[in-house]
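Novice: here you go, sequence then predicted model.
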Amino acid sequence: MSESFTMDAAYTMRSRIPLSGCDIFGRAGLSYLLRCAIDIAGFHYASIGLSHETLRSQGAAFLLSRLEMNFEASPCVDDDIVISTREEGAKGAFLIRSCDISKDGTRLVSISSAWLIVNPDTRTIIRPSLFTQRRYGKCTEARRTGCCTRLRAPDRPPDRTGSHIVSFSELDCNGHMNSACYGDVAVDFLPDALQDARIRRFTINYEKEARRGELLTLSGFASDGDYIISALHDGQTCFTVRFSF
């Protein structure tokens, strides 16, 4: 694992995809890939002195808000992969981060994510220009800012509905559902035929934190070759995802 970093360089890790991280087809599961992208961001920040604990002591936290994952090929069990991430700058209130997963020099998955800086106690958003621990330029690369797009469920009755109760095992140390677990909830709710299909693109908007015991009402919509899932709690949107196949 390499931990060298500058603002213009990538932070890189090497890993092997475990059997436990794969689906029934031997492909890396969506939640496993989400964990890769989320974890390496945390390792990256810790390597430059901005660990979770340090940020918390300074009244700040990085909160994943939106993410887009594009598949060029599917990573599979026992693949030796390289995961690299870098900061791409700011866009409005968002910090844009890229993450690529490669094998033998060939990119398999490209991930762009948008993060918010928040006060962990008040949940007040801290704009990047006011974040004194680090300076950010403007992200101008269009292919990296597509993740900022707001997802909305179609304004019509859903094709199917369901529910999910947030369990203890899904919680992280912040007391709400781990960001990677939303991927499992979404995949489990897909129609059976789509669960077998190869995902070309996955997009998620995290809107409201889900906590233990909360009931999420799920709605699914087939839409122009995509499948959109919306999750509500007490009438408020918790998350929205879009699968493209």
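Specialist: Good, I have the coordinates.

Novice: centroid residue for the chain?
Specialist: For the chain, the residue nearest the mean C-alpha position is L67 (4.7 Å; C-alpha atoms, centre = their mean).

Novice: ok, that residue touching C147?
Specialist: Yes - here L67 lies in contact with C147, judged by C-beta atoms under 8 Å, at a distance of 5.8 Å. All C-beta atoms are positioned from the backbone trio N, CA, C, and that covers glycine.

Novice: overlap in contacts of those two?
Specialist: 112-114, 203 (C-beta atoms under 8 Å, 6 or more residues apart in numbering).

Novice: residues in contact with stretch 227-244?
Specialist: With C-beta under 8 Å, 6+ apart, stretch 227-244 has contacts from 151-154, 158, 164, 182, 185-186, 189-191, 194, 199-210, 214-221, 225-226, 245.

Novice: mind checking the longest helix of this structure?
Specialist: helix 30-47 (DSSP state H).

Novice: give the buried residues for the helix or strand that that helix is followed by.
Specialist: Sequence order places helix 52-57 as the next helix or strand after helix 30-47, per DSSP states H and E. Going by neighbour count (16 or more other C-beta atoms under 10 Å), the buried part of helix 52-57 is L55.

Novice: swap in stretch 219-239?
Specialist: Buried residues in stretch 219-239, counted by 16+ other C-beta under 10 Å: 219-221, 227-233, 237-239.

Novice: for the record, mean pLDDT for it?
Specialist: Taken as a whole, stretch 219-239 has an average pLDDT of 96.

Novice: please, which helix or strand holds R97?
Specialist: strand 94-103.

Novice: show me where pLDDT drops low in the protein?
Specialist: Across the chain, residues meeting the criterion (pLDDT under 70) sit at 1-8, 142-143.

Novice: what's the domain layout of the chain?
Specialist: The chain breaks down into these domains under automatic domain parsing: 11-148, 160-244.

Novice: the strands in the protein, which residues?
Specialist: Taking DSSP state E to define them, one finds strands in the chain at 11-16, 61-71, 80-91, 94-103, 106-118, 125-126, 160-165, 201-206, 215-223, 226-233, 236-244.

Novice: I'd like the distance between L64 and R97.
Specialist: 9 Å (C-beta to C-beta, to the nearest Å).

Novice: need the overlap of contacts for these two.
Specialist: Joint contacts of L64 and R97 (C-beta under 8 Å, 6+ apart) are 113-115.

Novice: and which of those residues is nearest C139?
Specialist: The closest of those to C139 turns out to be A114 (C-beta to C-beta; 9.4 Å).

Novice: what's the burial count for the closest one?
Specialist: A count of nearby residues for A114, using other C-beta atoms under 10 Å, gives 27.

Novice: again, but for the one 3 residues further on
Specialist: The criterion is other C-beta under 10 Å. On that basis, I117 has 23 neighbouring residues.

Novice: mind starting the numbering at 52 from now?
Specialist: Noted, 52 is the first residue going forward, which turns the last one into I168.

Novice: quick check: it touching S180?
Specialist: No - contact criterion C-beta under 8 Å: I168 and S180 do not qualify, at 10.4 Å.

Novice: what do the two both touch?
Specialist: What both I168 and S180 touch, as defined by C-beta under 8 Å, 6+ apart, is an empty set.
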